[in-house]
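# this one's sequence-less:
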């Protein structure tokens, strides 16, 4: 599935998505960035986009600075990273943890296994992903 199709399904599945106007306006660039990053790092586009939705509404949350959830580097943690940075971080989590839920935990918490947590986790990513892909 392409990122463009995923975004169309996202907008259908979540008609009251926060920052919807920004997502619609930036959809072509978001889709191109997501497809490129997902392919480059062998990350399922649905996983990458679901994480980005939960992190920053695909970079559209005003305080996100356009970030997709991962900084540009470990030494520049306050500099917003884009799709490539998020996909790279998810791919690293997959290599270290051996599963996509583990990769999401690694992305969010820096560890492969974690019980209780604040904010979103792998279950939330899979809920978004299932709802969106069910709308395709």
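The structure has been received and is ready for your questions. Predicted, not measured: the structure shown is a model, and the values here were computed from it. Numbering: from 1, shown residues only.

# for this structure, longest helix please?
For the chain, the longest helix by residue count, based on DSSP state H, is helix 20-41.

# what segments of the protein are helices?
Assigned by DSSP H, the helices in the chain fall at 3-13, 20-41, 45-56, 83-97, 100-109, 122-134.

# where does the chain have low pLDDT?
Scanning the chain for pLDDT under 70 picks out 71-80, 115-117.

# need the winner for burial among the helices of the chain.
Stretch with highest mean neighbour count among the helices of the chain: helix 45-56 (a mean of 24; mean count of other Cβ atoms under 10 Å). Every residue, glycine included, has its C-beta placed from N, CA and C.

# got the angle between that one and helix 20-41?
Here the directions of helix 45-56 and helix 20-41 differ by 130 degrees (axes from the mean of the first three to the mean of the last three Cα atoms, to 10 degrees).

# helices or strands up against helix 45-56?
The elements that helix 45-56 packs onto, with contact taken as 3 or more Cβ pairs under 8 Å, 6 or more residues apart in numbering; DSSP states H and E, are helix 3-13, helix 20-41, helix 83-97, helix 100-109, helix 122-134.

# and if we set it to 6 Å?
Other helices and strands packing on helix 45-56, by 3 or more Cβ pairs under 6 Å, 6 or more residues apart in numbering; DSSP states H and E, are helix 20-41, helix 122-134.

# for residue 92, which of these is the nearest?
For residue 92, the closest of the helices and strands packed on helix 45-56 is helix 20-41, at 8.8 Å, according to Cβ to Cβ.

# name the residues that touch that closest one?
Applying Cβ atoms under 6 Å, 6 or more residues apart in numbering, the external contacts of helix 20-41 come out as 3-4, 7, 45, 48-49, 58, 60, 83-84, 87-88, 91.
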